[in-house]
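Chemist: all I have is the shape, not the residue letters:
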């Protein structure tokens, strides 16, 4: 039995998008492939609200995170972490011998503009990273306020992980001044996993030139150089299937549902889930910073999340246990991509019925 | 109009495999996903003829090439190149500050056991790379003879690019003693691009421990550590669609067509194409080393390959121009994956008809 996924990726994918994954192959050096890649990139840019060129990558989002922090840090990076995926930035720097400082918020609390100000004011850093939406703690950072304070440090490059939120909530990349913004397909965009996208500012790509060893497959500068020189062509064979599917899904997002409606639907589901969570449990993150794509709930009643999920499974539904150390201490309900409010209602009703039986 | 692809990847994919690319999603941390990944890995191992564990990677083959040469070279690598994809190994080492010597054969000529002997006998290297099948020159290296001479240097790790031949010709990885063998999906295996696989020997994974900075997303050791500890689970979200498709296609390869029949079909098509090429043109590589998956033909008649391909396109067929500097000087007919001898006959007949009109 297929389970309806309320997990923070992979998400359920609309039938016509799944069908597009099975489109027959074309040569990746043909005009048709170039046009496909151009079309997809331009649509991705609309979701990102950016004029910066879009890079498509046959990796998960982690690949682009590594590529960007390694390719662009000449001095030292500061990683502001609000959870496991924030920490990942620091690990990706360290394993490449990229100097990095890791600044963790207490889990459930955001990266504040004040802490960003404090660290950037030292002048020690040329790069800082922010997790827009932290899947492990269900937290969305106050990026508008961070963007304000960052105006004092325009030369420090801003890399942002928007893997689990882009397409589900407004992230105006250019307005915020994000230099590299990264997302991947299997979250709010609503595709199968295996593909990621980023935008990069011209100055970021210029700045990275002084970094001598940037690697190959993930070298942001080399990839951009290639796609800007031979427009929309990639050095290695990319996943054409994901591009076909993106082509179809981005049309749906931009023209059928519309970005504003999509954001509103995500917000509605998030608010409903938070209200339900507060009624029965507690929110894990500070409410003001609760994510619009995934709700992380403190297991204040000490239920067995594992058993809850097993029973939900019998009914054809799946949620997520807590991530890493937060397993059983929290659980997560994702409400992203093309999940509908009615489906969420059914899920919450089911959980209500199951909890007394645990 | 869909064109029948006679290019060395992407290849045409069987309808049931395309359909499998559109399988609905499941959570990648579920038992179902673990079983899928286990099943696929075991089938891949059969094609590789290896007992070494298989790593699945959401990258093109280039990603695993970079991951392996960077993760395993502690001293210096020697890259034996017979074309553009051989050279790529050296570039992937250099951009990671991995010491490397590039030893090029004259294009069209193989890496000889003698040259391997000469270089390995210096004791300067801990890693050497061989391109099993070089797409740019249509050459297949004499790996049996290389394996013989390599027995004198058992401690030097052997990395092999079998991207464009695995699944189309026998490559008995363990018998040859290859430490890391790499392939990707969009060639003789017969899947869409966007995914790659490798095998790695225990001693290779042990040896790499002394390499301090191996990166993250492509770190062979870390990936293997993860999948061996949490069997068949991956640190990042992998491309489930490619796994579904591999599951179906590998059943077909192993159980329906059978490996031996598949190899025989590839050989038959290669022999037919070579005979045709010699009748009308010349083979680019020394005939003894001509590839069983792609034939590279010297354009001795000075035809316009571009025009030939345009006219073939009108009939619904596509071949490849020469690669890089060999453009127009050569052209390539790939006969791999699930292409059938009858289809090849039709193509050759079409080319025969078109050439006098050019």
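Modeler: Right, received. Where do you want to start? Only a predicted model underlies this, so the values are computations on that prediction, with no experimental measurement involved. Residues are numbered from 1 along each chain as shown, chains lettered A, B, ... in the order given.

Chemist: I figured residue A:191 hits residue A:249, correct?
Modeler: Yes - judged on Cβ atoms under 8 Å, residue A:191 makes contact with residue A:249 at a distance of 5.9 Å. C-beta here means a position set from N, CA and C on the backbone, and glycine is covered the same way.

Chemist: settle it for me: which of the two has more neighbours?
Modeler: More neighbours surround residue A:191 than the other of residue A:191 and residue A:249, with 29 against 26 (other Cβ atoms under 10 Å in any protein chain shown).

Chemist: measure that one to residue A:171 for me?
Modeler: Look at residue A:191 and residue A:171: by Cβ to Cβ, to the nearest Å, they are 17 Å apart.

Chemist: which parts of the stretch 51-200 of chain A sit against chain B?
Modeler: Residues of the stretch 51-200 of chain A that fall close to chain B, judged by Cβ under 8 Å from any Cβ of the partner chain: A:58-63, A:66, A:70, A:91-92, A:95-97, A:184, A:186, A:192-195.

Chemist: among these, which are in strands?
Modeler: residue A:184 (DSSP state E).

Chemist: what mean pLDDT would you report for stretch A:214-222?
Modeler: Averaging pLDDT along stretch A:214-222 yields 98.

Chemist: returning to that earlier point: filter the residues of the stretch 51-200 of chain A next to chain B to the buried ones?
Modeler: Buried members of those, counted by 16 or more other Cβ atoms under 10 Å in any protein chain shown: A:58-63, A:66, A:70, A:91-92, A:95-96, A:184, A:186, A:192-195.

Chemist: picking up where we left off before, shared neighbours, residue A:191 and residue A:249?
Modeler: Counting by Cβ atoms under 8 Å, 6 or more residues apart in numbering or on different chains, the shared contacts of residue A:191 and residue A:249 are residue A:17.

Chemist: which other residues reach the longest helix seen in chain A?
Modeler: With secondary structure taken from DSSP state H, chain A has its longest helix at helix A:259-280. The contact list for helix A:259-280 (Cβ under 8 Å, 6+ apart) reads A:46-47, A:167-170, A:188, A:253, A:257, A:283, A:287, A:290-293, A:295, A:297, A:301, A:333, A:335-336, A:339-341, A:344-345, A:348, A:352, A:355.

Chemist: cool, stretch A:306-316 as well?
Modeler: Residues contacting stretch A:306-316 (Cβ under 8 Å, 6+ apart): A:1-4, A:318-321, A:328, A:331, A:347, A:350-351, A:354-355, A:357-358.

Chemist: which of those fall within strands?
Modeler: A:4, A:318, A:320, A:321, A:331.

Chemist: using CSV, please lay out these together with pLDDT, distance to chain B and neighbour count.
Modeler: Listed next are the ones in strands among the contacts of stretch A:306-316 as CSV, based on pLDDT from 0 to 100; distance: Cβ to the nearest Cβ, whole Å; neighbours: other Cβ atoms under 10 Å in any protein chain shown:
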residue, pLDDT, distance to chain B, neighbour count
A:4, 97, 10, 17
A:318, 98, 6, 21
A:320, 98, 8, 24
A:321, 98, 9, 19
A:331, 98, 14, 26
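
Chemist: pick the one among the residues you listed closest to residue A:201.
Modeler: Closest approach to residue A:201 among the ones in strands among the contacts of stretch A:306-316 (Cβ to Cβ): residue A:320, at 33.7 Å.

Chemist: how much space between the closest one and residue B:25?
Modeler: On the measure of Cβ to Cβ, residue A:320 and residue B:25 end up 14 Å apart.

Chemist: now residue A:354
Modeler: Residue A:354 is 23 Å from residue B:25, by Cβ to Cβ.

Chemist: what about those two, which has more around it?
Modeler: Comparing residue A:354 with residue B:25 by other Cβ under 10 Å, the one with more neighbours is residue B:25, at 24 against 19.

Chemist: list the contacts for that one?
Modeler: So residue B:25 contacts A:5, A:10, A:11, A:12, A:13, A:186, A:192, A:193, B:240 (Cβ under 8 Å, 6+ apart).

Chemist: in this structure residue A:84 contacts residue A:136, no?
Modeler: Yes - at 4.0 Å, residue A:84 counts as touching residue A:136 under the criterion of Cβ under 8 Å.

Chemist: what sits in contact with each of these two?
Modeler: Common neighbours of residue A:84 and residue A:136 (Cβ under 8 Å, 6+ apart) are A:323, A:324.

Chemist: with neighbour numbers in mind, choose between the two.
Modeler: residue A:136 (27 against 17).

Chemist: pLDDT score assigned to the more buried one?
Modeler: Looking at residue A:136, its pLDDT is 97.

Chemist: got a markdown table for the contacts of residue B:25, with distance to residue A:220 too?
Modeler: Output for the contacts of residue B:25, formatted as a markdown table (distance: Cβ to Cβ, whole Å):
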| residue | distance to residue A:220 |
| --- | --- |
| A:5 | 31 |
| A:10 | 25 |
| A:11 | 27 |
| A:12 | 31 |
| A:13 | 28 |
| A:186 | 21 |
| A:192 | 24 |
| A:193 | 21 |
| B:240 | 26 |
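
Chemist: could I get the residues you listed as JSON lines with pLDDT and distance to residue A:217?
Modeler: Putting these into JSON lines (pLDDT from 0 to 100; distance: Cβ to Cβ, whole Å) gives the following:
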{"residue": "A:5", "pLDDT": "98", "distance to residue A:217": "30"}
{"residue": "A:10", "pLDDT": "97", "distance to residue A:217": "23"}
{"residue": "A:11", "pLDDT": "98", "distance to residue A:217": "26"}
{"residue": "A:12", "pLDDT": "98", "distance to residue A:217": "30"}
{"residue": "A:13", "pLDDT": "98", "distance to residue A:217": "26"}
{"residue": "A:186", "pLDDT": "98", "distance to residue A:217": "20"}
{"residue": "A:192", "pLDDT": "98", "distance to residue A:217": "21"}
{"residue": "A:193", "pLDDT": "98", "distance to residue A:217": "18"}
{"residue": "B:240", "pLDDT": "97", "distance to residue A:217": "21"}
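
Chemist: now for the closest residue to chain B within the stretch 201-350 of chain A, how many residues are close by?
Modeler: Across the stretch 201-350 of chain A, the shortest distance to chain B (Cβ to the nearest Cβ) belongs to residue A:239, at 2.6 Å. The local packing of residue A:239 (other Cβ under 10 Å) involves 31 other residues.

Chemist: how close does it sit to residue A:29?
Modeler: 15 Å.

Chemist: which residues touch the residue most central in space within chain A?
Modeler: With distances taken as Cα atoms, centre = their mean, residue A:163 lies nearest the centre of chain A, 1.1 Å away. Residue A:163 makes contacts with A:61, A:85, A:133, A:135, A:182, A:183, A:184, A:187, A:196, as judged by Cβ under 8 Å, 6+ apart.

Chemist: wait, the first one sits on residue A:189?
Modeler: Looking back up the chat, that one is residue A:61. No - counting by Cβ under 8 Å, residue A:61 does not reach residue A:189; the two are 11.0 Å apart.

Chemist: re the thing from before, and the longest helix of chain A, what's buried?
Modeler: If you call a residue buried by 16+ other Cβ under 10 Å, then helix A:259-280 has these buried ones: A:262, A:263, A:265, A:266, A:267, A:269, A:270, A:272, A:273, A:274, A:276, A:277.

Chemist: cool, stretch A:218-226 as well?
Modeler: Within stretch A:218-226, judged by 16+ other Cβ under 10 Å, the buried ones are A:218, A:219, A:220, A:221, A:222, A:223, A:224, A:226.

Chemist: my guess is the fifth one contacts residue A:214, does it?
Modeler: Okay, so that is residue A:222. Yes - between residue A:222 and residue A:214 there is a contact under Cβ under 8 Å: 7.0 Å.

Chemist: shared neighbours of the two, anything?
Modeler: Common neighbours of residue A:222 and residue A:214 (Cβ under 8 Å, 6+ apart) are residue B:95.

Chemist: show me where the stretch 201-350 of chain A has its helices.
Modeler: For the stretch 201-350 of chain A, helices defined by DSSP state H, counting those that start in this stretch occupy the ranges A:202-207, A:220-229, A:240-251, A:259-280, A:305-314, A:341-354.
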